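Asker: this is the structure alone, sequence omitted:
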């Protein structure tokens, strides 16, 4: 019976996130100051004061979400929680994998912030606006959506980007192919097939230029084996080797976020509680839909931190 820490991805950002942590805990305030310094700008001001459209930009949302997650981690550590001995595994959804790796000591906080800024900019620049698209498909099986993507690929690349569980899959690729796939999904009985308001076709083959940018960036930063295994997005299995982790992070840019399988792996390996560390509670909701034997608990406020410490340090 063990616990895992999970870290949210893009879409969990909200103006004001982390401000209560910075006001309550000097350790949290220090995280936001260090991220600001690493990026050479006051990202914390955008996080706390907006505007929302600026925070939502990929290049801002990615390091901002990581900063909130790491603020929570640093407060927990300052109160006596040792991740290496208390937490069995870590995992993160897409950019959240970087937060997980920072928490597990693979990357420094400053390097993680810079990597995510590079990643956000590279993903945005990889595809001209309007060429790519993403769609959420609700209510079809993984194999059915894979078949639909293959059927649509005559119009361009189209693939599963996220398997979020609970019958929710996200597809990504060239706009005509994704639109065709969404229409086919409706014909084949999907409850919903919804085009998403995103700025780029994330986790698709169109992101290959961004993957190359990350290969270069990851080669230049210091890396350490994580203190606990990281369940990697593209494997849905744990890894502990820093060199392999860097290779998988490159693969992740164009590969599928296998979140359903990640939660199923946790359940099959005696993980009973997933603490979602950072903004929002998207992963907590997904865990509930994927496997009822796993409890999800969101940790993003001072009260949440007190509650977690009462359990984990008891």
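Answerer: Everything's here; your move. The model shown is predicted, which means the values in this text are computed figures rather than measured ones.
Asker: now do the strands in the stretch 51-200 of the chain.
Answerer: 89-92, 132-138, 158-165, 168-174, 192-195 (DSSP state E, counting those that start in this stretch).
Asker: now the residue lying farthest from the centre of the chain: how far from residue 138?
Answerer: For the chain, the largest distance from the centre (CA atoms, centre = their mean) belongs to residue 187, which lies 30.9 Å off. Remark: distance between residue 187 and residue 138 (CB to CB, to the nearest Å) = 14 Å. Using the backbone N, CA and C atoms, a C-beta is placed for each residue, glycine as well.
Asker: looking at the strands of the stretch 51-200 of the chain, which is buried most?
Answerer: strand 89-92 (a mean of 28; mean count of other CB atoms under 10 Å).
Asker: excluding its own residues, what touches it? List them.
Answerer: 2, 4-9, 83, 97-101, 103-104, 226, 228-233, 238, 262, 266, 269, 271 (CB atoms under 8 Å, 6 or more residues apart in numbering).
Asker: any quick ChimeraX command for the buried ones out of these?
Answerer: Of the contacts of strand 89-92, the buried ones can be selected in ChimeraX as follows, counting by 16 or more other CB atoms under 10 Å:
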select :4,5,6,7,8,9,83,97,98,99,100,101,103,104,226,228,229,230,231,232,233,238,262,266,271
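Asker: which of the contacts of strand 89-92 fall in strands?
Answerer: 2, 4-7, 230-232, 238, 271 (DSSP state E).
Asker: need the helices for the stretch 51-200 of the chain, in chain order.
Answerer: Along the stretch 51-200 of the chain, the segments classed as helices by DSSP state H, counting those that start in this stretch run 52-56, 58-78, 83-86, 96-103, 109-125, 142-152, 175-187.
Asker: how about those helices, which one is nearest residue 291?
Answerer: helix 142-152 (15.6 Å; CB to CB).
Asker: tell me what the closest one is packed against?
Answerer: With contacts defined as 3 or more CB pairs under 8 Å, 6 or more residues apart in numbering; DSSP states H and E, helix 142-152 has these neighbours: strand 158-165, strand 168-174, helix 175-187.
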